[in-house]
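Novice: can you look at this prediction? I've put the sequence above it.
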Amino acid sequence: MADPDPKEIVRRGYDALSYRYRADDAGEGHYAGWLAGLRERLPPGGAVLDLGCGAGVPVARALAAAGFAVTGVDFSQVQVERARRLVPGARFLHADATQVELPPGSFDAVVCLYTLIHLPLDEQPALLGRVAGWLRPGGWLLATTGQGAWTGTEEGWLGGSATMWWSHADAATYRDWIERAGLEITEQGFVPEGDGGHALFWARRPGTP
């Protein structure tokens, strides 16, 4: 029997446990500082792509409320349906982030939080290249990545009945991939979670907006 497609494991996991992962009325939590940083960097009414937007909370909700033109992409049907209901002022696409077609140079920022780490490793550098192409000159990428390299699954994720799958390289590898995509890293940080955590990158496409 063939091994399950890891993307299907992720999709089914979020479809099954969308509400366990994030409630409709969830606050910004540790996203608050990142969202404030985005608002400071973006032009008024700027266009933002929320890649792996989930249910639209809190990123798409906060940015749409601040007057930005938000497009969200997620491959969980349940998450996208929730996002369309919770953030009616934004546009949401049900699609695989590695396959979705978007116009080049059309966004002032791409937000990619806790998304890369759910994709096969061999697809991640190419996606970062696509992200760089979607950004306008001077546009920003805000992304969380792995801090250490690991691939694996968790049964009974979030205390439910679904399995979840992750695959990520280490922070130094992501730094190299982002730079190879043609972006300039301006900040790198660490986001603790449990016994480990994630790397956080702010990167900019060279050029004048």
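Specialist: Received the coordinates, thanks. Numbers count the residues shown, from 1 in each chain.
Novice: buried residues, the helix ranked longest in the chain. List them.
Specialist: Longest helix in the chain, counting residues (DSSP state H): helix 6-21. For helix 6-21, the buried set under the neighbour-count rule, 16 or more other C-beta atoms under 10 Å, comprises 6-7, 9-14, 16-18, 21. Placement of C-beta: from N, CA and C, glycine included.
Novice: what's the most distant pair in these?
Specialist: Taking every pair in these and measuring C-beta to C-beta, the maximum separation is 18.6 Å, between P6 and S18.
Novice: hmm, back to that, and the buried residues of helix 6-21, which is closest to A83?
Specialist: S18 (9.9 Å).
Novice: on that earlier part again, which one among the buried residues of helix 6-21 gets closest to T98?
Specialist: K7 (8.8 Å).
Novice: for that closest one, give me the pLDDT.
Specialist: We have a pLDDT of 96 for K7.
Novice: equivalent analysis for the one 3 residues further on, please.
Specialist: We have a pLDDT of 97 for V10.
Novice: need the contact list for it.
Specialist: Applying C-beta atoms under 8 Å, 6 or more residues apart in numbering to V10 gives the contacts 75, 118, 164-165.
Novice: how about TSV for the residues you listed, with neighbour count added?
Specialist: Converted to TSV, the contacts of V10 look like this (neighbours: other C-beta atoms under 10 Å):
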residue	neighbour count
F75	23
H118	21
M164	21
W165	22
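Novice: from the residues you listed, which ones fall inside strands?
Specialist: 164-165 (DSSP state E).
Novice: now tabulate the contacts of V10 in JSON lines and tack on pLDDT.
Specialist: Shown next, in JSON lines, are the contacts of V10 (pLDDT from 0 to 100):
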{"residue": "F75", "pLDDT": "96"}
{"residue": "H118", "pLDDT": "98"}
{"residue": "M164", "pLDDT": "97"}
{"residue": "W165", "pLDDT": "97"}
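Novice: return the member of the contacts of V10 nearest to T173.
Specialist: H118 (16.6 Å).
Novice: now that closest one: closest residue in space that isn't a chain neighbour?
Specialist: Distance criterion C-beta to C-beta, 6 or more residues apart in numbering; nearest residue to H118, sequence neighbours excluded, is V10 at 4.6 Å.
Novice: ditto for S76
Specialist: S76's closest residue in space is Y14 (C-beta to C-beta, 6+ apart), at 3.8 Å.
Novice: output stretch 194-207 as CSV, restricted to C-alpha atoms.
Specialist: Extracted in CSV, the C-alpha atoms of stretch 194-207 (Å, rounded to 0.1, in the frame of the first residue of the first chain):
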residue,chain,number,x,y,z
GLY,A,194,6.8,24.0,24.1
ASP,A,195,10.2,22.5,24.3
GLY,A,196,11.2,24.0,20.9
GLY,A,197,10.1,26.7,18.6
HIS,A,198,10.2,28.2,15.2
ALA,A,199,12.4,30.7,13.4
LEU,A,200,10.8,34.0,12.3
PHE,A,201,12.0,36.0,9.3
TRP,A,202,11.3,39.4,7.9
ALA,A,203,12.7,39.7,4.4
ARG,A,204,12.3,42.3,1.6
ARG,A,205,12.3,42.2,-2.1
PRO,A,206,15.0,44.7,-3.3
GLY,A,207,13.9,47.8,-5.1
